[in-house]
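Novice: the sequence isn't on hand, but the structure is:
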């Protein structure tokens, strides 16, 4: 027999197995000997009370033991059908693994480097302000998520099996805690090893991976996608999954050149906001001294300002701000955390939604208007930073009051900061939204509006400003057979897990297209 119950425990008892079993026995009015296993299904922190606690949804096995979780078996693919996958981020990676499950060979074309080699280019942008347009925080094995925390929280549960995605990550070395935490994450120090293990599974099962291979053309015959050109080499298959991520602007222009339909979509632009982690802990845990058994506190904020959404995005407790530009002459910032989340800083995207009225100064009906606005803001930030990666920044209080910051507090951003009047340099619609939201958020989290907080520009890659069209049922482009747009770059996902699910869905659709 098994019973599902919620158990409430203090933080210091989180890893005390004996305490957990005794709480289950007490709740069910049973002896401890009758409890054979307590399996955690869901775990979250309840900080609404003065002393925060963990709420754990459990499945308690009474006089019986749980069955062992079976691993997914990946077998070597046989010669036959193969699918070209452009991009080796979450959508491409999980799409490849799913194709192997289905017995179809994936051939992956990735413009960037493997996870180990990427580190040199990340160091170059951090320390020397040099941006490699093919290897950076966005491009390379594992995609943008590999070096931006590895947050795995998603709301897109209706699109596919979230637990399967998490299970695959655990099978390749991720901590089992991600299966139960309400807001799971792996950490940028651990995720590269997980990504490497997934790569090895793909290669061991007969898949191909070509790094340092930038796609420069599509091979289309009789309105069917059959391959791509990369580094002047042709890669021919039976279908193409396009999983290039939200920052591969050259791919959008290539699609447009081939008259492959794309369309504008909503996105968001703003800044990174950074506070001392100690301040966020104090606000969220209602105490000046944080319980050492509690993790760095996080938050999730949103409001409406005159019909425009303003919200926190990709919040990184105990994290750092990183330079995420994908081309020279622009500044883009993102956030990441290591697995321990022990940085003294907390940062989050702080963004306002963008709609077509915000870029109507550009050519009408041109699909790249939003992308042009995004690019223009990023390039202007680079100019404000004296043509370096020392990002423009401002104290939150000065931003709200329209004052230049004469000094800036310490920050996690390694390339350094340049004081700038962001209240007059960013577009008015962004400034208006962020200013009003600061006051609203401070009412929700007293102390959020703080002299110690800074904003750093620009957080502009929240999602793609474009969508590549596809069918709702077959996931295939309506005009080009065999072309399956996937993940964030195609405009159908937002984060590691949702992109991974979308990659699997496109792999299933490609298999159905090829095998019937």
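Specialist: In hand now; what should we look at? Note that the coordinates shown come from a computational prediction; the quantities given were computed from them, not determined experimentally.

Novice: mind checking how far the top helix by length along the chain is from the chain centre?
Specialist: Longest helix in the chain by number of residues, with DSSP state H as the criterion: helix 496-515. With CA atoms, centre = their mean, to the nearest Å as the basis, the distance from the averaged C-alpha position of helix 496-515 to the chain average is 18 Å.

Novice: mind listing what's buried in it?
Specialist: Of the residues in helix 496-515, those scored as buried under the neighbour-count criterion (16 or more other CB atoms under 10 Å) are 496-511, 513-514. C-beta here means a position set from N, CA and C on the backbone, and glycine is covered the same way.

Novice: stretch 111-127 now?
Specialist: Buried residues in stretch 111-127, counting neighbours by 16+ other CB under 10 Å, are found at 111-115, 118, 121-122, 125-126.

Novice: check stretch 467-476 too.
Specialist: When neighbours are counted by 16+ other CB under 10 Å, the buried residues of stretch 467-476 are found to be 467-470, 475-476.

Novice: and residue 334, what does it touch?
Specialist: Contacts for residue 334 (CB atoms under 8 Å, 6 or more residues apart in numbering) come out as 137, 144, 148, 272, 314, 321-322, 324, 349, 459, 461.

Novice: and the helices in the stretch 101-250 of the chain?
Specialist: Counting by DSSP state H, counting those that start in this stretch, the stretch 101-250 of the chain has these helices, from start to end: 115-123, 162-171, 191-204, 249-257.

Novice: tell me what residue 263 is bridged to.
Specialist: According to DSSP bridges, the residues that bridge with residue 263 are residue 467.

Novice: and it, how far is that from residue 465?
Specialist: 10 Å (CB to CB, to the nearest Å).

Novice: before we move on, what about residue 171?
Specialist: According to CB to CB, residue 171 stands 35 Å off from residue 465.

Novice: neighbour count for those two, which is higher?
Specialist: More crowded of residue 171 and residue 465, by other CB atoms under 10 Å: residue 465, with 28 against 16.

Novice: count the neighbours of residue 447 for me.
Specialist: 13.

Novice: er, residue 185 I mean
Specialist: Taking other CB under 10 Å as the criterion, the count of residues near residue 185 is 26.

Novice: so where do the helices sit in the stretch 251-400 of the chain?
Specialist: According to DSSP H, counting those that start in this stretch, the helices that the stretch 251-400 of the chain contains are 277-285, 369-384, 396-401.

Novice: now the first one: average pLDDT?
Specialist: Right, the one you point to is helix 277-285. This predicted structure assigns helix 277-285 an average pLDDT of 97.

Novice: begin at 473 from now on, thanks
Specialist: All right, first residue 473 from here; so that's helix 749-757.

Novice: got the contact list for residue 589?
Specialist: The neighbourhood of residue 589, defined by CB under 8 Å, 6+ apart, consists of 607, 612, 683.

Novice: tell me the one of those nearest residue 482?
Specialist: Taking CB to CB as the measure, residue 612 is the one of those closest to residue 482, at 42.0 Å.

Novice: the closest one touches residue 584, doesn't it?
Specialist: Yes. Taking CB atoms under 8 Å as the contact criterion, residue 612 and residue 584 are neighbours in contact, 3.1 Å apart.

Novice: who touches both of the two?
Specialist: In terms of CB under 8 Å, 6+ apart, residue 612 and residue 584 are both contacted by the residues 560, 590.

Novice: before we move on, back to that, orientation of the longest helix of the chain relative to helix 634-643 in degrees?
Specialist: In terms of direction (axes from the mean of the first three to the mean of the last three CA atoms, to 10 degrees), helix 968-987 departs from helix 634-643 by 100 degrees.

Novice: just name whatever secondary elements helix 968-987 is in contact with.
Specialist: strand 554-558, helix 562-573, helix 634-643, strand 711-714, strand 955-957, helix 959-962 (3 or more CB pairs under 8 Å, 6 or more residues apart in numbering; DSSP states H and E).

Novice: tabulate the ones you listed (JSON lines), appending mean pLDDT.
Specialist: Output for the helices and strands packed on helix 968-987, formatted as JSON lines (pLDDT from 0 to 100):
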{"stretch": "strand 554-558", "mean pLDDT": "98"}
{"stretch": "helix 562-573", "mean pLDDT": "98"}
{"stretch": "helix 634-643", "mean pLDDT": "95"}
{"stretch": "strand 711-714", "mean pLDDT": "98"}
{"stretch": "strand 955-957", "mean pLDDT": "98"}
{"stretch": "helix 959-962", "mean pLDDT": "95"}
